[in-house]
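Student: What would the 3D arrangement of this be:
(3 chains)
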Amino acid sequence: MTELTCIVCPRGCRLKVDTENGYRVTGHSCEKGEAYGKNELLNPTRVVTSTVKITGAMHRRIPVKTNGAIPKKLIFEAMKLLDGIELKAPVKLGDIVVKDILGTGIDFVASRDML
Amino acid sequence: MYDLIVIGGGPAGLAAACEAYEQGLKNILIIERDRELGGILNQCIHNGFGLHYFKEELTGPEYAGRFIKMLNDTSVEVKLDTMVLDITKNREVHAVNTSDGYQILKTRSVILAMGCRERTRGAISIPGDRPSGVFTAGAAQRYMNIEGYMVGRRVVILGSGDIGLIMARRMTLEGAEVLACVELNPYSSGLNRNIVQCLGDYNIPLYLSHTITKIEGSGRVERVVVSRVDDSTKKPIPGTEISFDCDTVLLSVGLIPENELTKNAGIAIDPRTNGAIVYENMETSLPGVFACGNVVHVHDLVDYVTEESKRAGRAAAAFAKGLSQTDEKVLAMKTGNAVTYTVPQKLRPMRIEKLADIFFRVNRVFGEASILVFDGDGKQIAKFKRDYLVPGEMEHIVLPRKLLDTAGGDSLTVSIEEVQA
Amino acid sequence: MYDIAIIGGGVVGCAAAYELSRYKLRTLLLEAANDIADVTTKANSAIIHAGYDPEPGTAMARLNVEGAALAEEICKKLDVPYNKCGAFVLAFDEADLAHVQKLYEQGVANGVPGIAVISGEEAKRMEPNLSDKVIGALYAPSSAIISPWEYALAMAETAVRNGVDIRTSSRVTAIKKVENQFEIQTSSGNYRAKYIINAAGVHSAEVHELIGEKEFEIHPVRGQYFLLDKSEGSRVTRTIFQCPTAAGKGVLVSPTVHGNLIVGPDAEPVSDGDDVSTTAEGLEYVKLMSQKSVPSTSFRDNIRNFSGIRSQSDRSDFIIEESHSVKNFFNLAGIKSPGLSAAPAIAKEAVKLLTGAGLELTEKSSFIDERKQIRFKELTDDEKNRLIAKDPLYGRVICRCETITEGEIVAALRSPIPPCSVDGIKRRTGAGMGRCQGGFCGPRVLEIIARELGIPRTSVLKDKSGTYILVGETKGGTGNV
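Tutor: Residues are numbered from 1 along each chain as shown, chains lettered A, B, ... in the order given. Okay, here's the model as predicted:
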């Protein structure tokens, strides 16, 4: 039995997920919460945001994000991919910075224009 | 002569200017002190913005980018790297920059959108040495996300507001070790989502009902002492000290609306919000001067800043166009049980088309509860049910115009009633 | 080879350097810290006392009154914030009234101008926020408030412009006598001088004992303060003192020249003279004591706490004398309150001692005795425009709380004693002194320092050595743009 706080809404239900019995969720107040509880244990994923170096721009870093959620366990490995990257201005919102992060099919993309 | 000068080019100022333009104002100027538009959103590189307004999840720069793009399609003028030093009672805006020098700009209307600043170590009088390595979370965020510098390696965060939580994750992802997040209250003022995804994901302990009672270090921070506090007095309990060897302290201990210009202009301030007292259309006590966003009250979500700022933009446009209105009645909003403030603080029913939006915060955590509204005669005129109420979340109710027209007396009181389980 | 080496860049050392720079002498000032005026001089009540406190006949009494008059002149000449706002010493009971009377008599004996005993009603009329329990007060109209670090800096900068050498980050580690001269070893190299002036404050006994016998001891006493927002700055318009009681010396409430309100200090003997930490108990004491005088002070509007160390000695008076064990070595030590007030008079006293020891003085015809600071916010609109047209950097406001421009920050970095830290900029320009305490302008000030000094941003300090702000770059970066 694993306990976790539901993040679907600010109410923050204390969910209990029975990992031994088909990931049955209790303690939720809505269906979304139930789905969250199950997914959070079966396949937790996160959107990762960070920055990479940029030259020739008004700032020295440009923000990036994954254009979809990646498995939680890959976060640190994904972060490492950003070290050493150096973009040159201009960069447009959505420009791909790292393609197909660790075989997930998700990319790191620029999250703003920087001229 | 401008129709409208917007002071501040963050999310509030951008939305207000765009809306005023939509309403037909042509001579609009935004004055921004930074070198680019977007305000604090530029350094909030995490996602979670826009779920209400755009119905999708954006990062801060993306959210700002949408409005900057909208603005670029208008003829709104922007002065960057420009500081407003004074606003006079007759709506003259004194501003200075490197190219235009010191200027006095005239305008029909003004929107105040200067945002807020962070409370500092001094504001909460943390005793101890005064080493380097003590940052407000927002300053640390700027160093990291905009300028590309690490502010520390071993970190203790005081305050579990959202900025503190976001920085806990951010520092961790960049290789720092976050030893603890320390919160004075028995609850966090941050969103659950951030507690789970910023602390929980990285096994960062959250110490509720604790505070930093000493900072040590002759040059850089070397150690902090954390103590449990008594929940009623907020005083540290001797014998509960925990020591953390760290080189950095991040403070996320509250935001204060930035109203020095407002005060100097003689505009009335609400001591509960530290922002201007505003009417239903975000007009301040100085006619033609409107305010919106975190300069009025600290919001939890930027989406609500956008909505509020559009309201201010519409009202400023109407004022600049000379649409005058007479008011037969002004209702003062009062705070009842567990309500810390309301925005607006005053309602002019004649100016409300159909619905009046009332925002407020509560001072403690509630389970099932009712929000009650009483008129000036003490009669309950509205009741809203909530499954929960938390201080970290801004609450919102909508009152129909016809309720206001028939309300007795000259005030409305918002109060919370707990539903007994 | 120098004629004179001054050890210590606090207000006493700086006043000595300024005074000596009038004469054709080779003078050196050595400061252990990386900036001058960065220890006791920057952390005190910032008061130029009228001079009723010291017992008549003491050096303190004489030099206080003399120094206070000189301070007013110097501040005018060297453009230092100074305001002769006057002071009250409050009486709450009969014992206090007797003390006030005694202070009045001492003040008259010491030659303090304009001093008077006034009624409680009169005091309340002049300062409406005083407690209703005030039954009388000493009124000293010549008491003044000052910016102590700008005062010391102004004197030191003027000394430099008149040829004095200043070496910061130069802690004196050894002093030897070599062929009738002193050889002074410091952390930045060795220097020679014929005479030494020891103005090393809390470390003056240690410095003396590097070459001399033990002749005095320093017993550091720490005092803690609150500095409140400008919104509290007019809570009182004069410095409000209390009479000493069995509970302690009493704390003061005073406006500052920068428009804030200062409240403090307590008085706590500490073993470590460098311990400028604050404590919850000390601050609570200060707060409670101050509320006896001014009950309505809003401590919610606190923007900063700090501690300062007074260099109390084992003697009751200032120590201004030639060392008994080392010829040509002069101690200016045990300069507790009213040391800030007395500093320029102490400096003149030191010059007298030097001439008594055979130093010949020839006045410079070219002595520069003026200084002008540009303070953007004090200019008229026209002056602002002319200045920006000449140097656009004055059009960029960096510190919003205090309205400090990039022009002023760059000017400070090009001044005779350029700072190397964010706090050094704060002391010279006021950037970061305001309510946000550098939250907004800190990163920008840091960037300007790095750019102007040509150093990486990671090398910029907050204050003294070891107070680095940034620990490296994200994304494994090493470069600096």
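
Student: so where's chain C uncertain?
Tutor: C:247-248, C:477-481 (pLDDT under 70).

Student: By proximity to chain B, which residue of it wins?
Tutor: Of all residues in chain C, C:Gly466 sits closest to chain B, at 2.3 Å by CB to the nearest CB. For the C-beta atoms, the positions are set from N, CA and C on the backbone; glycine is no exception.

Student: Is it correct that that residue is in contact with B:Gly219?
Tutor: Yes: because the distance of 2.3 Å satisfies CB atoms under 8 Å, C:Gly466 is recorded as touching B:Gly219.

Student: Quick check: neighbours shared by the two?
Tutor: With contacts defined as CB atoms under 8 Å, 6 or more residues apart in numbering or on different chains, the residues shared by C:Gly466 and B:Gly219 are B:Ser132.

Student: higher neighbour count, those two?
Tutor: Set C:Gly466 next to B:Gly219 and count neighbours by other CB atoms under 10 Å in any protein chain shown: B:Gly219 wins out with 17 against 14.

Student: contacting residues for the more buried one?
Tutor: Residues in contact with B:Gly219, defined by CB under 8 Å, 6+ apart, are B:131-132, C:464-468.

Student: buried subset of those residues?
Tutor: Burial by neighbour count, judged by 16 or more other CB atoms under 10 Å in any protein chain shown, picks out B:131-132, C:464, C:467-468 from the contacts of B:Gly219.

Student: is stretch C:249-269 anywhere near chain B?
Tutor: No: Stretch C:249-269 lies apart from chain B when judged by CB under 8 Å from any CB of the partner chain; the minimum separation is 11.0 Å.

Student: and C:Pro244, what is it in contact with?
Tutor: For C:Pro244, the contacting residues are C:99, C:250, by CB under 8 Å, 6+ apart.

Student: mind redoing it with 7 Å?
Tutor: Residues counted as contacts of C:Pro244 (CB atoms under 7 Å, 6 or more residues apart in numbering or on different chains) are C:Gly250.

Student: domains of chain C?
Tutor: Structural domains annotated on chain C: C:1-81+C:145-217+C:314-372, C:87-141+C:219-312, C:376-470, as defined by automatic domain parsing.

Student: mind putting these in TSV, distance to A:Leu41 included?
Tutor: Output for those, formatted as TSV (distance: least, CB to CB, whole Å):
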stretch	distance to A:Leu41
domain C:1-81+C:145-217+C:314-372	55
domain C:87-141+C:219-312	44
domain C:376-470	40
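
Student: Near chain B, which residues of the stretch 251-400 of chain C? Just list them.
Tutor: Where the stretch 251-400 of chain C comes near chain B, counting by CB under 7 Å from any CB of the partner chain, the residues are C:277-280, C:283, C:302-306, C:381, C:384-385, C:388-389, C:392-393, C:395-397, C:400.

Student: In PyMOL, select just the buried ones from the residues you listed.
Tutor: Listed next is the PyMOL selection for buried residues among those, using 16+ other CB under 10 Å:
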select buried, chain C and resi 277+278+279+280+283+302+303+304+305+306+384+385+388+392+393+395+396+397+400
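
Student: tell me the domain ranges of chain B?
Tutor: As recorded under automatic domain parsing, the domains making up chain B are B:2-117+B:256-324, B:120-253, B:347-418.

Student: Look up phi and psi at B:Phe366.
Tutor: B:Phe366 adopts backbone torsions of phi -120, psi 140, taken as degrees, to the nearest 10.

Student: what does A:Arg46 give?
Tutor: phi -140, psi 150.

Student: what do you get for C:Leu387?
Tutor: Its backbone dihedrals place C:Leu387 at phi -60, psi -40, with angles given as degrees, to the nearest 10.

Student: ok, back up a step: which one of the buried ones among the contacts of B:Gly219 is nearest to chain A?
Tutor: The shortest distance between chain A and any of these, using CB to the nearest CB, involves C:Tyr468 and amounts to 18.9 Å.

Student: So which of the residues of the stretch 251-400 of chain C next to chain B belong to strands?
Tutor: Within those, membership in strands is found for C:302-306, C:397, as judged by DSSP state E.

Student: Pick out whichever of the residues you listed sits closest to A:Thr5.
Tutor: Ranked by distance to A:Thr5 (CB to CB), those are led by C:Asn302 at 35.6 Å.

Student: quick check: longest helix of the chain.
Tutor: All of this refers to chain A. Among all segments of chain A classified by DSSP state H, the helix with the greatest residue count is helix A:31-42.

Student: meant chain C, my bad for not saying
Tutor: In chain C, assigned by DSSP H, the helix with the most residues is helix C:59-78.

Student: which residues make contact with that one from outside it?
Tutor: The set of residues that contact helix C:59-78 without belonging to it, under CB under 7 Å, 6+ apart, is C:48-51, C:54-55, C:82, C:84, C:110-112, C:142, C:144, C:146, C:151, C:154-155, C:158, C:317-318, C:320, C:338, C:341-346, C:349, C:369-371.

Student: again, but for stretch B:389-400
Tutor: The list of residues contacting stretch B:389-400 from outside it, by CB under 7 Å, 6+ apart, reads A:10, B:188-191, B:299-300, B:304, B:354-366, B:369, B:371, B:373, B:382, B:384, B:416.

Student: Equivalent analysis for stretch B:330-338, please.
Tutor: With CB under 7 Å, 6+ apart as the contact definition, stretch B:330-338 has outside contacts at B:341-342, B:344-349, B:358, B:362-364, B:404, B:407, B:410-416.

Student: any idea how far the residue of chain A most remote from its centre lies from C:His99?
Tutor: Computed with CA atoms, centre = their mean, the residue of chain A farthest from its C-alpha average is A:Gly56, at 28.5 Å. As defined by CB to CB, to the nearest Å, A:Gly56 lies at a distance of 71 Å from C:His99.

Student: Would you mind checking the contacts of stretch B:389-400 for buried ones?
Tutor: Burial by neighbour count, 16+ other CB under 10 Å: within the contacts of stretch B:389-400 this picks out B:188-191, B:299-300, B:304, B:356-362, B:366, B:369, B:371, B:373, B:382, B:416.

Student: On the three-state scheme, C:Ile320 is what?
Tutor: Per DSSP: H, G, I helix; E, B strand; the rest coil, the secondary structure class of C:Ile320 is strand.
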